[in-house]
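Novice: dropping a prediction and its sequence here:
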Amino acid sequence: MMASAQGNLYVMWVDEQNGALVYTTVNTERVGLVSEWADPRGIPTPSKNNRAPDGIVDASGRIVIVYAVPFNEGRGVYMVEADGRDLNWSTPIQVFDGLAAGWDLVGDPKISLTSDGVLHVIFSRYSAHQVNQAIGLYSTQSSDGGVTWSPAELVREGSITWSDIISYNPGTLHRFWQEDHQSVVSNFDQSSQDGGHTWGTPVEITS
């Protein structure tokens, strides 16, 4: 779910019947009126094996969505974007190529945008022998609006069960994740004060 400065609320999900990305939208002042919600519409994607969409809306109203294609030859992380209420979606851009990297499975992309216009995405690597928990958390970023992306960087190895990334204030980023070590669950926060150029030591915030 995303809200824009222009007063629009967007909700996106995956159709469980066919794996397609779907969204609907409404004016934030009319969110309680069922009749005001737009009919659900599909987001064009080459694959029908889509999972875990996440998105942001920038100050201009541009919507950027990332999603995972977890397996098969096209596995990886992808990005699509659109402007305005009546959205015309771009051709998907591959953020990360899971096949080329030799990964079994890819999942859980999360996206954030810093004030300098850089897009930041984290995502998880899964093993075919351990599909319920990720075996590593990775990150990438784009300074040209999503056209090109930096090589994937390892954030954390281990049994990752959940992750997210947020930004606020100029240059402040936080990466959060949860690890499960033989049923001992720990939550971590790693922060950057320079827009993701450098990162501090991860801090265990609960155990």
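Specialist: Nice, thanks for sending it over. Numbers count the residues shown, from 1 in each chain.
Novice: bridging residues for V57?
Specialist: Assessed by DSSP bridges, V57 has beta-bridge partners I63.
Novice: I'd say it and M1 touch.
Specialist: No: taking contacts as C-beta atoms under 8 Å, V57 lies outside contact range of M1: 10.5 Å. C-beta: built from backbone N, CA, C; applies to glycine.
Novice: more crowded one of those two?
Specialist: Using other C-beta atoms under 10 Å as the criterion, V57 and M1 rank with V57 on top: 20 against 8.
Novice: in contact with that one, which residues?
Specialist: Residues in contact with V57 (C-beta atoms under 8 Å, 6 or more residues apart in numbering) are 2-5, 8, 10, 63-64.
Novice: now list whatever residues contact both of V57 and M1.
Specialist: Common neighbours of V57 and M1 (C-beta under 8 Å, 6+ apart) are Y10.
Novice: returning to that earlier point: pull out the buried members of the contacts of V57.
Specialist: The neighbour-count test (16 or more other C-beta atoms under 10 Å) marks 2, 4, 8, 10, 63-64 as buried among the contacts of V57.
Novice: for the helix or strand harbouring E179, which strands pair with it and how are they oriented?
Specialist: Using DSSP states H and E, E179 sits in strand 172-181. Next to strand 172-181 in the sheet, as set by DSSP bridges, lie strand 153-168 (antiparallel), strand 184-192 (antiparallel).
Novice: give me the most central residue, this protein.
Specialist: In the chain, the C-alpha nearest the mean C-alpha coordinate belongs to K110, at 2.4 Å (C-alpha atoms, centre = their mean).
Novice: name the helix or strand for that residue, please.
Specialist: strand 105-113.
Novice: which strands border the helix or strand following that strand, and is each parallel or antiparallel?
Specialist: Remark: after strand 105-113, the chain's next helix or strand is strand 119-126, criterion DSSP H and E. Note on strand 119-126: by DSSP bridges, its sheet partners are strand 105-113 (antiparallel), strand 134-142 (antiparallel).
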